[in-house]
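Novice: what follows is a predicted structure for the sequence shown.
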Amino acid sequence: MKRTRMILCMILALCLVLSLTACSKKPAVLGTWSTTVDLADDMKQEIQGSDAESFLEGFTLDSFPLVLNADFLEDGTYSITVDRASGETAFAGLQEALKAPLLSFYESLGWDVAAMGIDIDAAVEKVFNEEATAQFYDGLEVSGKYRLDGDTLYLSTSTDEDPGEDIHAAVQIADGKLTITEITGLTESGSDLADCLPLTFEKAN
């Protein structure tokens with residue numbers, strides 16, 4: 001019967017629409033995510049294990065918070081970047097924390113800092129110049145292409161290369177949160193991001 005065939009065609013069309021919708025489902029990681037990571041302990045450990053420890057006695061750093069933004073776009077590209085405003089605030093706190101122990105060190109040598117024309121503030125600012133901080137940011141930032149397969153996020157470190165098997169991250173996505181618990185292969189590309197794990201991002205949009 002014609003009416004029966006019409007209904008059958010409608011059902012088949014519905015199945016096709018649903019199939020296309022399922023096939024075009026956007027990856028759960030899509031969008032902008034943000035998190036704050038505090039690197040104060042890492043900073044202190046680096047100083048304590050270096051030559052700087054001898055002249056930074058009494059150095060303390062309560063916090064070094066950086067905001068990381070992760071963007072996963074529909075074109076299959078991604079970027080993880082450091083929010084520069086948070087970086088400026090964090091470095092300002094670090095510079096301030098360094099001044100007192102540096103001054104104490106020079107005074108322990110019997111130096112009259114003021115009389116010798118040593119400007120601690122200027123010296124610290126000169127060390128933490130724009131080029132130095134940019135290199136620090138580069139170690140935490142990464143971009144390229146991505147592919148999400150279940151709980152595994154495959155990454156490349158170039159927008160000219162598709163993600164392979166070498167760099168992959170174990171992720172959990174639920175309730176507006178993206179948690180990266182492990183990254184394999186990223187350290188070999190020169191990134192320090194794996195040292196910050198685990199990272200839990202919240203969906204920004």
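Specialist: The structure has been received and is ready for your questions. Numbers count the residues shown, from 1 in each chain.

Novice: do a quick rundown of the helices in the protein.
Specialist: 2-23, 40-48, 84-108, 120-127, 130-140 (DSSP state H).

Novice: with respect to Asp162, which of the ones you listed lies nearest?
Specialist: Closest to Asp162 of the helices of the chain is helix 2-23 (CB to CB; 19.6 Å). Glycine gets a C-beta too; all of them are placed from N, C-alpha and C.

Novice: any idea of the pLDDT on Met43?
Specialist: Per-residue confidence (pLDDT) for Met43: 82.

Novice: still on that earlier bit, adding mean neighbour count and distance to Asp75, write the helices of the chain out as JSON lines.
Specialist: JSON lines is the format used below for the helices of the chain (neighbours: other CB atoms under 10 Å; distance: least, CB to CB, whole Å):
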{"stretch": "helix 2-23", "mean neighbour count": "9", "distance to Asp75": "18"}
{"stretch": "helix 40-48", "mean neighbour count": "14", "distance to Asp75": "34"}
{"stretch": "helix 84-108", "mean neighbour count": "15", "distance to Asp75": "24"}
{"stretch": "helix 120-127", "mean neighbour count": "12", "distance to Asp75": "40"}
{"stretch": "helix 130-140", "mean neighbour count": "13", "distance to Asp75": "23"}
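
Novice: so which of the ones you listed gets nearest Thr32?
Specialist: Here helix 84-108 is closest among the helices of the chain (CB to CB), at 15.4 Å.

Novice: now the helices of the chain as JSON lines including distance to Leu155?
Specialist: As requested, the helices of the chain are exported to JSON lines (distance: least, CB to CB, whole Å):
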{"stretch": "helix 2-23", "distance to Leu155": "23"}
{"stretch": "helix 40-48", "distance to Leu155": "23"}
{"stretch": "helix 84-108", "distance to Leu155": "23"}
{"stretch": "helix 120-127", "distance to Leu155": "33"}
{"stretch": "helix 130-140", "distance to Leu155": "15"}
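
Novice: give the contact list for the spatially most central residue of the chain.
Specialist: A centroid search over the chain (CA atoms, centre = their mean) returns Leu68, at 4.4 Å, as the residue closest to the centre. Contact analysis of Leu68 by CB atoms under 8 Å, 6 or more residues apart in numbering lists 34-37, 80-83, 140, 196, 199, 201.

Novice: beta partners for it?
Specialist: For Leu68, the beta-bridge partners under DSSP bridges are Thr35, Val82.

Novice: quick check: it vs Asp38, distance?
Specialist: Using CB to CB, to the nearest Å, we find Leu68 at a distance of 11 Å from Asp38.

Novice: Asp151 now?
Specialist: Distance, Asp151 to Asp38, by CB to CB: 26 Å.
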